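Asks: next one to model:
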Amino acid sequence: MKQLGIKALNRFLKRELTVEVLEKYWDFQIFSEADLQSIVWKLLSEFITKANSKPGEFLVLNKPYLRGLGIHPDIVVFRDRQPWVVIELKERRVLEERSARKELRRLLKTRVKLRAQKGYLLYVARYGDGRVLKGPKGKAARFFCEIPIILEAVRPKESIRRWERVFRYWARYDGE
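Replies: Presented below is the predicted three-dimensional model:
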C-alpha cells in the first residue's frame with residue numbers, strides 16, 4: 001500500500017506545484033492571494049488523492065479556522081484528523097522580509113500548539129532574488145520551509161514589465 005510522506009509532499013511543493021503556479025501566474029490565472037489559494041488547494045488536493053492509496057487519511061482544507069490558535073491559515077493538510085502541514089500563501093510584487101517574518105511566527109504557533117509536522121510559506125512575486133528569510137531559522141529550522149516562486153528568476157525584467165501592464169489592466173478592470 002502506497003503511503004504519502006512528508007518528503008514526497010515537500011518534493012511536490014518545491015517542484016511540480018512551483019512550476020504549475022508559475023505557469024498559471026504568467027498566463028493571468030492568478031491576480032490575488034485568493035486566486036493563488038484556490039489554485040494551490042486544487043493542485044495539492046489532486047496530488048494527495050493520486051499519491052495516497054488509503055482513502056480518508058488526508059483532508060486538504062482551504063482557510064479553516066483553527067480554534068486553538070484563533071487563526072485561519074490559508075491551507076491546512078490534515079492527516080488522520082490532525083493538522084499535518086500548514087501553508088501560508090502570499091502574492092506580491094515583491095515580498096518584504098517583515099511580512100515573511102510575521103507569517104513565520106504564525107506558522108510556529110501551529111507547530112507548538114497543534115503539533116503540525118511542517119509549515120510552508122509559499123509566495124508568488126514578480127521581483128526578488130530568492131528566499132526573503134536569509135540566515136539561520138532557529139526554532140523553525142526543521143519545521144519551516146520557504147518556497148519562493150519568482151517571475152524574475154525565469155523571465156527577463158523587460159518581459160515582466162510588459163506582462164505587468166496587462167496584469168494591472170485585468171487585475172483592476174474598470175470597463176472603460
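Asks: just the helices in the chain please.
Replies: Assigned by DSSP state H, the chain shows helices spanning 6-12, 18-26, 33-51, 97-114, 157-171.
Asks: out of the ones you listed, which gets the lowest mean score?
Replies: Across those, helix 97-114 has the smallest mean pLDDT, namely a mean of 86.
Asks: export only the CA atoms of that helix, formatted as CSV.
Replies: What follows is helix 97-114, C-alpha atoms only, in CSV (Å, rounded to 0.1, in the frame of the first residue of the first chain):
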residue,chain,number,x,y,z
GLU,A,97,11.0,40.5,5.0
ARG,A,98,8.7,41.9,7.6
SER,A,99,5.7,40.2,6.1
ALA,A,100,7.6,36.9,5.8
ARG,A,101,8.7,37.0,9.5
LYS,A,102,5.1,37.6,10.5
GLU,A,103,4.0,34.5,8.6
LEU,A,104,6.9,32.5,10.1
ARG,A,105,5.7,33.4,13.6
ARG,A,106,2.1,32.3,12.8
LEU,A,107,3.4,29.0,11.4
LEU,A,108,5.5,28.4,14.5
LYS,A,109,2.3,28.8,16.7
THR,A,110,0.7,25.9,14.7
ARG,A,111,3.7,23.7,15.5
VAL,A,112,3.8,24.5,19.2
LYS,A,113,0.0,24.3,19.9
LEU,A,114,-1.2,21.8,17.2
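Asks: does anything pack onto it? Which helices or strands?
Replies: If you count contacts as 3 or more Cβ pairs under 8 Å, 6 or more residues apart in numbering; DSSP states H and E, helix 97-114 packs onto strand 82-92, strand 118-125, strand 144-150. Bear in mind the C-beta positions are built from the backbone N, C-alpha and C, glycine included.
Asks: buried residues in it?
Replies: Within helix 97-114, the residues that qualify as buried are 100, 103-104, 106-111, 114, counting by 16 or more other Cβ atoms under 10 Å.
Asks: skipping adjacent residues, who's closest to L61 in space?
Replies: V76 (5.1 Å; Cβ to Cβ, 6 or more residues apart in numbering).
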